Every structure is written in C-alpha cells, then in structure tokens.
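Chemist: Take this sequence and fold it.
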Amino acid sequence: MARLVLDTNGNDFLPVTNIFPDIYFTNDVAVTQMVQRTVSQPDICFTARDLKVEFFQESYGNFYWAETFERSDTARWQNNSALNQQPGAGGPGIIHPGATITFNTLGRLAFARDREWLRCVPYLSQWGSFDGSAHPPIPHFGPLPAVNQYVLANRVTLIDGIRSIQTAIQGEFGLTYRIDYSTNLVDWTHWYWRDNYEGIFTVDHPIEGPRRFLSVTRELWPW
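Modeler: Numbers count the residues shown, from 1 in each chain. Alright, predicted model coming up:
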C-alpha cells in the first residue's frame, strides 16, 4: 500500500509505480518473480464532508443523531471460500482497491431526544488526533473553546404550565454555575446556583413579567 501525493494544481493524485517480489508455489516449490503495480487512485481514500443529521423515530422516543463517519460498502470485496473448498465460510478473500472512509465535518456535536437534551452524554464530541506519545491530542475543525461554557440552543416551552424560555448550556462537568439577572446590564442580582452533573444544563426563565438579562458564570469555590 502506497501513500499518494495530491496534485493541488490539477486536483488529482500523482501516479506511483510499486515494484516488489511476488512468491508463489508450483509443484510444491516456492518461486519468486518480480511484479509491478501502477497506482493512480488510493486503495483507501480518506475524505471529510458534512454528513448532516439523521432523525430516528422509535417507540420510546424520537432521536436526532449525527454520524461521525461513513464508509463504502463491501460490494467490491471478493470471497474466495469456494476456491479453498470451504463454501459459505467468511474467507479468505480479497478487498479490492477503491474503499472510501468519510469523516463528518460538523465538528462538536450534541445529541437530542424529543427536543430534550440527552442527559447521558456529558460532553460534546470533537475530532482530534494523537501520535501515541505523551503529547496531548490535537483537536481538529477549530480549537477547543476558550470559555468555560457556551449556549447550545434556546427554545420556548411550557414548564409547570408557565410559558418560559429555556436555554441549554454546555459547561464543565461536575462544576457549579452561578446564575444572576439584571434589568439594565449594570446592577446584577444573584438568582441561584446550578450544579452541572450532566455536562449540559438548562436555565429557565418565565416569558411573562419584566425583561431580564441573565448571566451564567462558573463558580470558583475556595475549597
């Protein structure tokens, strides 16, 4: 298997010719011959694109899910079990060139169920890579957020029969957040604390009543 170089001018791969010894048996005698193979397309091509979000409707709820990757099917695979007098077995065989593995470029992902946040996922998924050493993984599709929380979504919903605005926020797992409110962005009043035991938490505010600005801040306790 060879790694091909992409010609950025023509947006195509540069062909590579591999020359290598091939050993085969004839009359129980190993014979070596030199063969060559010209490769103009990768045997396995890694790509990235937006794989979008899929919707699933199940008896226990409706789910929204974004696939992290997809691959080409096995239609080009060749099963030689019959040639080896093992009909119906799973090989041996040949995986012919032309496979494609596509990664999703959506970046950080959250998961939802029936318009509610899926509580068992205390993080957002993000692609990265590592070199097997002690160096930390390198995030891709944008750096990790420098802030300690950010808004995922807003929606209008009924909470205990009261029309409310619900804001979903992704924060650091296991920490406490302070929620304050203000009517003029100058004078702030402490409202309540929220322990983030699920990775994603919500802040609810009734629609009726005076207009308020909300502030969500990670609490830095002294202990």
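Chemist: okay, and the helix or strand of this protein with the least pLDDT?
Modeler: Across the helices and strands of the chain, mean confidence by mean pLDDT, DSSP states H and E is lowest for strand 116-117: a mean of 46.
Chemist: Tell me how far the helix or strand just after that one lies from the chain's centre.
Modeler: Using DSSP states H and E, the next helix or strand after strand 116-117 towards the C-terminus is strand 128-129. Taking CA atoms, centre = their mean, to the nearest Å, the mean C-alpha location of strand 128-129 is offset from the chain mean by 11 Å.
Chemist: ok, strand 128-129: who's next to it in the sheet?
Modeler: Its sheet considered, strand 128-129 pairs with strand 138-139 (antiparallel) by DSSP bridges.
Chemist: What are the contacting residues of the strand it pairs with?
Modeler: For strand 138-139, the external contacting residues (CB atoms under 8 Å, 6 or more residues apart in numbering) are Gln126, Trp127, Gly128, Ser129, Phe130. C-betas here are computed from N, CA, C, even on glycine.
Chemist: residue nearest the centroid of the chain?
Modeler: Nearest to the mean C-alpha position of the chain, by CA atoms, centre = their mean, lies Thr68 at 4.1 Å.
Chemist: Give me the pLDDT value at the nearest residue to it once chain neighbours are set aside.
Modeler: Using CB to CB, 6 or more residues apart in numbering and skipping the chain neighbours, the partner closest in space to Thr68 is Asn104 (5.4 Å). On pLDDT, Asn104 comes in at 81.
Chemist: now swap in Ile162 and tell me
Modeler: At Ile162, the model reports a pLDDT of 88.
Chemist: what sits against it?
Modeler: For Ile162, the contact set (CB under 8 Å, 6+ apart) comprises Pro206, Glu208.
Chemist: For beta bridges, what are the partners of it?
Modeler: Ile159.
Chemist: can you list the weak-confidence ranges in the protein?
Modeler: Applying pLDDT under 70 to the chain flags the ranges 1-2, 53-66, 106-126, 140-152, 199, 221-223.
Chemist: quick check: domain ranges of it?
Modeler: According to automatic domain parsing, the chain comprises the domains 1-42, 44-74+98-144, 145-223.
Chemist: No more questions from me, cheers.
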